[in-house]
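> Below are the sequence and a predicted model for it; my questions follow.
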Amino acid sequence: MSKSLQAIRGMNDILPEQTPLWRYFESTVAGLLDNYGYRQIRMPIVEFTELFKRSIGEVTDIVEKEMYTFADRNGDSLTLRPEGTAACVRAVLEHGITGGGQVQKLWYIGPMFRHERPQKGRYRQFHQIGVEVFNLDGPDIDAELIALTWRLWGQLGIRDAVKLELNSLGTSEARGRYRDALVSYLNERIELLDEDSKRRLTSNPLRILDTKVQQTQALLIDAPKLADYLDEESRLHFDGLKARLDAAGIPYVINPKLVRGLDYYSKTVFEWVTDKLGAQGTVCAGGRYDGLVEQMGGKPTTGVGFAMGIERLILMLETLEQIPESIARQVDVYLCAFGEQAELAGLTLTERLRDALPNLRLQVNAGAGSFKSQFKKADKSGALYALILGDDELAQQVVGFKPLRGQGEQQNIAWDALAEHLATCVVQG
Ligand code: ATP
Ligand code: MG
């Protein structure tokens with residue numbers, strides 16, 4: 001195939017075989033968020049580049065090398081959003097809906113774009129569901145966000161395969177003091193640092209903590225610990241969160257090296273990780289960002305949120321075979337009609353059935369065809385029953401009602417009795 005007719009590397013089509021699982025996943029999450037009182041917000045996919053530079057931070061992987069940035073026709077620099085928090089903060093500020101301490105509990109869903117190396121669980125266009133809460137600053141809301149995701153894993157049947165990692169980054173002042181201590185410790189051993197970490201020592205030293213380089217990891221064993229630099233307020237907040245998770249019976253591990261890739265976090269950070277997906281093990285990540293709104297030009301407004309990667313969670317459902325039976329079947333009943341008169345009567349009949357049974361998944365054969373070919377299509381559709389309409393049935397005002405999955409014999413049913421009959425034998429989804 002010529003190159004221009006292929007999708008862009010790392011940007012995937014989601015084919016009809018896969019969309020039922022996506023829709024099941026999305027509606028499960030949406031239902032749960034509704035029940036917890038979160039409201040959906042929809043932001044544009046493109047924003048001014050400046051928005052992401054200001055919020056995510058200039059010296060992060062995302063801003064340094066992963067953004068899809070281009071000039072608009074008038075010369076403005078625009079960027080395809082790499083994440084949702086920045087745009088969500090921009091939106092609440094622009095519309096003044098967090099002013100005067102108004103609480104907002106929001107969620108969004110949609111594609112995000114990052115120029116990364118595509119591999120299993122890592123794409124250039126990927127999808128997230130994100131949640132952001134504004135103007136609630138206690139550990140109770142951090143705990144609710146975690147409880148909500150924990151419940152979701154339960155509903156999806158993947159709870160046993162994920163683990164919660166937790167850390168506190170403290171206030172930005174506490175983190176500043178810790179950063180100084182870490183930098184001076186590492187500066188004394190700079191000849192042992194890998195190149196990437198050397199670079200980060202001046203740009204974003206905390207990121208060195210989650211290095212994959214073994215020699216640097218060894219060096220970090222005796223380095224100053226962030227936990228020892230936590231301010232009193234952050235420690236109380238963290239204790240409050242842990243107490244709530246303990247009370248709710250939600251297991252977690254403290255990971256002192258969890259720092260998250262974005263600059264804007266403070267206090268709580270967390271990740272849900274799995275060992276079922278290879279290297280791309282984080283399925284959901286988030287934390288508190290109490291300074292972000294002010295940094296972006298708003299009044300002081302606390303925030304906390306998370307985002308989950310839909311592709312990775314879909315991969316989890318597939319890997320763990322947690323795909324509900326009900327979504328595999330798309331069709332309940334398939335109508336086969338033979339001859340023009342039967343087709344005409346079939347249309348009237350099926351439209352009446354749709355009136356009577358709005359949830360009935362009813363597919364009408366299109367394109368005519370022989371007995372054999374129509375039955376083959378009926379079978380392939382996955383339908384439980386075929387309805388048969390030929391000259392004989394037409395004359396008697398009945399349909400042939402044929403079970404396709406071995407649930408009894410074929411019988412004739414009068415048109416008037418058909419809706420009632422289907423209501424009893426087709427499970428309504
Ligand atoms: P990672 O460490 O895997 O690169 P991240 O810290 O960059 O993740 P976040 O910015 O926190 O990711 O995004 C939240 C979630 O979105 C991640 O936990 C992951 O599930 C998903 N995600 C992030 N980047 C990608 C990607 N390129 N492809 C697919 N999913 C992604
Ligand atoms: Mg990343």
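Sure thing, it's come through. All figures in this text were calculated on a predicted structure; none of them were measured in a lab. Numbers count the residues shown, from 1 in each chain. Ligands and ions are numbered 1, 2, ... in the order given.
> Please count neighbours and contacts with C-alpha atoms only from this point.
Fine.
> what sits against whichever residue of the stretch 1-150 of the chain sits closest to ligand 1?
Here the stretch 1-150 of the chain gets closest to ligand 1 at one residue, residue 122, 3.4 Å apart by C-alpha to the nearest ligand atom. Contacts were defined as C-alpha atoms under 8 Å, 6 or more residues apart in numbering; by that measure residue 122 touches 10, 116, 280.
> Residue 296 touches residue 52, doesn't it?
No - using C-alpha atoms under 8 Å, residue 296 makes no contact with residue 52, being 10.0 Å away.
> So which of these two has more stuff around it?
More neighbours sit around residue 52 than around the other of residue 296 and residue 52, counting by other C-alpha atoms under 10 Å; the figures are 24 against 16.
> Near residue 213, how many residues? Count them for me, please.
As a burial measure, the neighbour count of residue 213 was computed by other C-alpha under 10 Å and equals 13.
> Could you give me the PyMOL syntax to select whichever of the contacts of residue 122 are buried?
The following PyMOL line selects those of these that are buried, judged by 16 or more other C-alpha atoms under 10 Å:
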select buried, resi 10+116
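> so which of the contacts of residue 122 are also by ligand 1?
Residues shared between the contacts of residue 122 and the neighbourhood of ligand 1 are residue 280 [C-alpha under 6 Å from any ligand atom].
> Next to ligand 1, which bits of the chain? Give me the list.
Along the chain, the residues adjacent to ligand 1 under the rule C-alpha under 6 Å from any ligand atom are 114, 121-124, 126, 128, 260-261, 280, 282-285, 307-309, 312.
> Residue ranges in the chain under the pLDDT threshold?
Residue ranges of the chain with pLDDT under 70: 1-3, 261-263, 427-429.
> thinking again about what came up before, among the residues of the chain next to ligand 1, name the ones in strands.
Residues from those lying in strands, with DSSP state E as the criterion: 126, 128, 282-285, 307-309.
> Could I get the full set of strands for the stretch 101-250 of the chain?
In the stretch 101-250 of the chain, strands defined by DSSP state E, counting those that start in this stretch lie at 104-113, 125-134, 162-168, listed in chain order.
> Those into CSV, with extra columns for mean neighbour count?
Conversion of those to CSV gives the following (neighbours: other C-alpha atoms under 10 Å):
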stretch, mean neighbour count
strand 104-113, 20
strand 125-134, 22
strand 162-168, 21
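> Export those strands to TSV and append columns for distance to residue 80.
Putting the strands of the stretch 101-250 of the chain into TSV (distance: least, C-alpha to C-alpha, whole Å) gives the following:
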stretch	distance to residue 80
strand 104-113	6
strand 125-134	10
strand 162-168	30
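> Nearest to residue 182, out of those?
In this view, these are compared for proximity to residue 182 by C-alpha to C-alpha, and strand 162-168 is the closest at 16.4 Å.
> Quick one: list the elements packing against the closest one.
When contacts are defined as 3 or more C-alpha pairs under 8 Å, 6 or more residues apart in numbering; DSSP states H and E, strand 162-168 packs onto helix 232-248, strand 253-254, strand 266-274.
> Tell me which of the ones you listed is the most buried.
Among these, the stretch with the highest mean neighbour count (mean count of other C-alpha atoms under 10 Å) is strand 266-274, at a mean of 24.
> Name the strands paired with that strand and say parallel or antiparallel.
strand 162-168 (antiparallel), strand 282-288 (antiparallel) (DSSP bridges).
> Kindly present these as TSV, with separate columns for distance to residue 401.
As requested, the strands paired with strand 266-274 are arranged in TSV below (distance: least, C-alpha to C-alpha, whole Å):
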stretch	distance to residue 401
strand 162-168	47
strand 282-288	46
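> Residue 24: which of those is closest?
Ranking those by proximity to residue 24 (C-alpha to C-alpha) places strand 282-288 first, at 17.2 Å.
> Okay, buried residues for whichever helix or strand comes after that closest one please.
Once strand 282-288 ends, the next helix or strand along the chain (criterion: DSSP states H and E) is helix 292-295. Buried residues in helix 292-295, counting neighbours by 16+ other C-alpha under 10 Å, are found at 292-293.
> ok, and what's touching helix 292-295?
The set of residues external to helix 292-295 that reach it, using C-alpha under 8 Å, 6+ apart, is 54-55, 89, 264-265, 299-303.
> closest point of the stretch 151-300 of the chain to ligand 1, which residue?
Taking C-alpha to the nearest ligand atom, the stretch 151-300 of the chain has residue 283 as its residue nearest ligand 1, at 3.7 Å.
> right, and that residue touches residue 312 too?
Yes - counting by C-alpha under 8 Å, residue 312 is a contact partner of residue 283 at 5.9 Å.
> Identify whichever of the helices and strands packed on strand 162-168 lies nearest to residue 45.
Proximity to residue 45, assessed across these by C-alpha to C-alpha, is greatest for strand 266-274 (24.8 Å).
> So what angle separates the directions of that closest one and helix 232-248?
Going by axes from the mean of the first three to the mean of the last three C-alpha atoms, to 10 degrees, strand 266-274 is angled at 40 degrees with respect to helix 232-248.
> Check the offset of strand 266-274 from the chain's centre.
For strand 266-274, the distance from its own C-alpha centre to the chain's C-alpha centre is 16 Å (C-alpha atoms, centre = their mean, to the nearest Å).
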